[in-house]
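S.K.: I'll drop the sequence and a predicted model, then ask my questions.
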Amino acid sequence: MAATSETPVAAAPRRKTGRHRGEGQWAAGHFTPLNANEQVKKDDDGLNVRTRIETIYAQRGFDSIDPSDLRGRMRWWGLYTQRKPGIDGGKTAVLAPEELDDEHFMLRVRIDGGRLTTDQLRVVGEVSQEFARGTADITDRQNIQYHWIRIEDVPEIWRRLEAVGLSTTEACGDTPRVVLGSPVAGIAEDEILDGTPAIEEIQRRVVGNPAFSNLPRKFKSAVSGSPLLDVAHEINDVSFVGVVHPEHGPGFDLWVGGGLSTNPRLGVRLGAWVPLDEVPDVYEAVISVFRDHGYRRLRNRARLKFLVADWGAPKFRRVLEEEYLRRPLTDGPAPEQPVERWRDHVGVHRQQDGRFYVGFAPRVGRVDGATLTKIAALAEDHGSGRLRTTAEQKMIVLDVPEAQVASLVAGLEALDLRIAPSPFRRGTMACTGIEFCKLAIVETKARGASLIDELERRLPDFDEPLTINVNGCPNACARIQVADIGLKGQLVLDDHGHQVEGFQVHLGGALGLEAGFGRKVRGLKVTSAELPDYVERVLRRFQEQRTDGERFAQ
Ligand code: SF4
């Protein structure tokens, strides 16, 4: 059974305890590394690679980089080698990592809470143009990713980003990754409460702290006081979701153990209500449980979701309270179901203070450095000094006076950034794909963008909220399992029996209203070339057959 926000705590997925002794948990005294990744982490803290990058690798170049830094510890500073151009998806699984490595890097800038000033965005755009061949993608975790980064330029990039308060620290690796936050925290009229102070305190306590820099795997987190549930809280390792307690007032409902990729699981509620000022303590306790009790034998069982599945919610809460917080948590209610299907804040909306925020949609999160610089200038010209990125690969300009809204909208539209996008542009996300990702099998960004254009042309009247998530491989960076139409990249046979790029189709997944995983449509694989025809057929059939009020996902 898929867990939902209505799932009773006692019904959380649970397996027999005791079956997985010897999973390499530190709490059970297993400090001898059981795989190569654990060995690399034990040999040297990933955070320490920064000194080597600054003093050796940036001076001597790519070939001087130690292999266990190159494919391991560099991630602690947001760096991954990118895929060598021209290697097709059929070779992904057969080539050795060094044969796939290009001498350029992807560099991820963490943007906790999605909060950016216009000064910061301008620097992000300038770095893109000067050092990243203009690349800059908004990710579905509110980060911005560059490509084509040379190791020689990394210290200067850090200097520029850090001068405006941005960083790449622990943007990747087995670390506390970016903390997602409601992109309209502190400004939305319907806000339950503003989680920003908690996010700032979590950043201060854990990011770059060696006490949390060797986790079993990545640790994803989210804090949102928006009733729209706008941070995909169901698929984070820990989430704090805004609720109103009948006695204590606004606070957060605590969820743990969500995650996609292999063995996807929705997070489960612990049934606990956490006031704003206690969120950092509870976050620290949950991440400590993960560090100490998380599985370290097999990489594909090392996310927190496996521990939560084995323990069950009641045991997890008990350990959290008794061994880490040393006090009981307060019982609390589940979040209300959101009234809206879209959670991306696109469009023009009034703020608490009477000014407006303006959310806009690029295609599949793809922008570029020059555009980011222009967005920063446009925002400033219209009275704003703040922006936010969203967990749906979108962006928002905050604090716009009413008299300036129409002119800002016109300026954004002129940059092909839509304020009232079609459902296809609004609801389509794509991961990095074969252009840069070494694990990819198929192309995704350009494919997703052309799919949007085709669907807009073929179905101009379609007005149903819809999510189409395009992934370049069986991993789940673009959340295929929770999309209305999830497309998992793989090689498929065309009509002539030739292997070509294509997708396994998953239908009917969702977050929010009725969270659940899409069904893999048995045997249904489409080639990339056939994709627009297939999606058009599915959507036309839905339009013809839907009954009143029926959503696409039903
Ligand atoms: Fe790469 Fe696969 Fe993730 Fe896409 S889903 S970014 S192809 S690992």
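M.R.: That came through fine. Numbering: from 1, shown residues only.

S.K.: quick one: secondary structure of the residue lying closest to residue 483 once chain neighbours are set aside?
M.R.: Closest residue in space to residue 483, ignoring its immediate chain neighbours: residue 469 at 3.6 Å, by CB to CB, 6 or more residues apart in numbering. For every residue, glycine as well, the C-beta is placed using N, CA and C. Secondary structure assignment for residue 469 (DSSP: H, G, I helix; E, B strand; the rest coil): strand.

S.K.: contacting residues for residue 469?
M.R.: Contact criterion CB atoms under 8 Å, 6 or more residues apart in numbering gives 428, 429, 430, 478, 479, 480, 482, 483, 485, 486, 487 as the residues in contact with residue 469.

S.K.: which single one of those is nearest to the ligand?
M.R.: Within the contacts of residue 469, distances to the ligand taken as CB to the nearest ligand atom reach their minimum at residue 478, with 6.1 Å.

S.K.: ok, now which ones touch the closest one?
M.R.: For residue 478, the contacting residues are 140, 429, 430, 431, 444, 469, 470, 471, taking CB under 8 Å, 6+ apart as the criterion.

S.K.: number of nearby residues for the residue nearest to residue 40 when sequence neighbours are not counted?
M.R.: Of all residues not flanking residue 40 in the chain, residue 72 sits nearest, at 4.3 Å (CB to CB, 6+ apart). Under the neighbour criterion other CB atoms under 10 Å, residue 72 is assigned a count of 21.

S.K.: phi, psi of residue 72?
M.R.: For residue 72, the backbone dihedrals are phi -130, psi -80 (criterion: degrees, to the nearest 10).

S.K.: distance of it from the ligand?
M.R.: 17 Å (CB to the nearest ligand atom, to the nearest Å).

S.K.: nearest to residue 310 among the contacts of residue 469?
M.R.: Closest to residue 310 out of the contacts of residue 469 is residue 482 (22.8 Å), distances taken as CB to CB.

S.K.: isn't that closest one up against residue 258?
M.R.: No. Using CB atoms under 8 Å, residue 482 and residue 258 do not qualify as a contacting pair, with a distance of 10.0 Å.

S.K.: shared neighbours, these two?
M.R.: Counting by CB under 8 Å, 6+ apart, the residues touching both residue 482 and residue 258 are 234, 235.

S.K.: ok, and the closest non-adjacent residue to the residue most central in space within the chain?
M.R.: Residue closest to the mean C-alpha point of the chain, counted by CA atoms, centre = their mean, is residue 141 at 2.9 Å. Here the nearest residue to residue 141 in space, its sequence neighbours aside, is residue 178; by CB to CB, 6+ apart that works out to 5.6 Å.

S.K.: double-check that that neighbour belongs to a helix.
M.R.: No. With three-state DSSP as the criterion, residue 178 is strand rather than part of a helix.

S.K.: find the nearest non-adjacent residue to residue 282, please.
M.R.: Excluding the flanking residues, the one nearest residue 282 by CB to CB, 6+ apart is residue 274, at 5.1 Å.

S.K.: on that earlier part again, distance of the residue nearest to residue 141 from the ligand?
M.R.: When CB to the nearest ligand atom is applied, the distance between residue 178 and the ligand equals 16 Å.

S.K.: surely that residue and residue 142 touch.
M.R.: Yes. Under the criterion of CB under 8 Å, residue 178 lies in contact with residue 142, with a separation of 6.3 Å.

S.K.: neighbours of whichever residue of the stretch 201-350 of the chain sits closest to the ligand, how many?
M.R.: Taking CB to the nearest ligand atom as the measure, the point where the stretch 201-350 of the chain comes nearest the ligand is residue 261, at 8.4 Å. As a burial measure, the neighbour count of residue 261 was computed by other CB under 10 Å and equals 16.

S.K.: tell me the contacts of it?
M.R.: For residue 261, counting by CB under 8 Å, 6+ apart, the contacting residues are 303, 475, 476.

S.K.: residues of the stretch 351-500 of the chain that sit close to the ligand?
M.R.: Residues of the stretch 351-500 of the chain lying close to the ligand (CB under 6 Å from any ligand atom) are 431, 432, 433, 437, 439, 440, 471, 472, 473, 475, 477.

S.K.: same thing but at 5 Å, please
M.R.: On the criterion CB under 5 Å from any ligand atom, the ligand has as its neighbours in the stretch 351-500 of the chain the residues 431, 432, 437, 439, 440, 471, 472, 473, 475, 477.

S.K.: just the pLDDT at the third one, thanks.
M.R.: At residue 437 the predicted local confidence, pLDDT, stands at 95.

S.K.: got the phi and psi for it?
M.R.: Backbone phi and psi, for residue 437 under degrees, to the nearest 10, turn out to be phi -90, psi 130.

S.K.: dump the residue contacts of it.
M.R.: With contacts taken as CB under 8 Å, 6+ apart, residue 437 has the following neighbours: 82, 83, 431, 472, 473.

S.K.: now with 7 Å?
M.R.: Going by CB atoms under 7 Å, 6 or more residues apart in numbering, residue 437 touches 83, 472.

S.K.: gap between residue 312 and residue 516?
M.R.: As for residue 312, its distance to residue 516 is 20 Å (criterion: CB to CB, to the nearest Å).

S.K.: cool, residue 202 as well?
M.R.: Computed as CB to CB, the residue 202 to residue 516 distance reads 29 Å.

S.K.: likewise for residue 427?
M.R.: 17 Å.

S.K.: got it, and residue 462?
M.R.: With distances taken as CB to CB, residue 462 is found 23 Å from residue 516.

S.K.: just residue 463 next, same as before
M.R.: 24 Å.

S.K.: between the two, who's got more neighbours?
M.R.: Shown here are residue 463 and residue 516; by other CB under 10 Å, residue 516 has more neighbours (19 against 10).

S.K.: all strands of the stretch 151-300 of the chain, in order?
M.R.: 176-181, 219-224, 238-245, 249-256, 268-274 (DSSP state E, counting those that start in this stretch).

S.K.: I appreciate the help and will end here.
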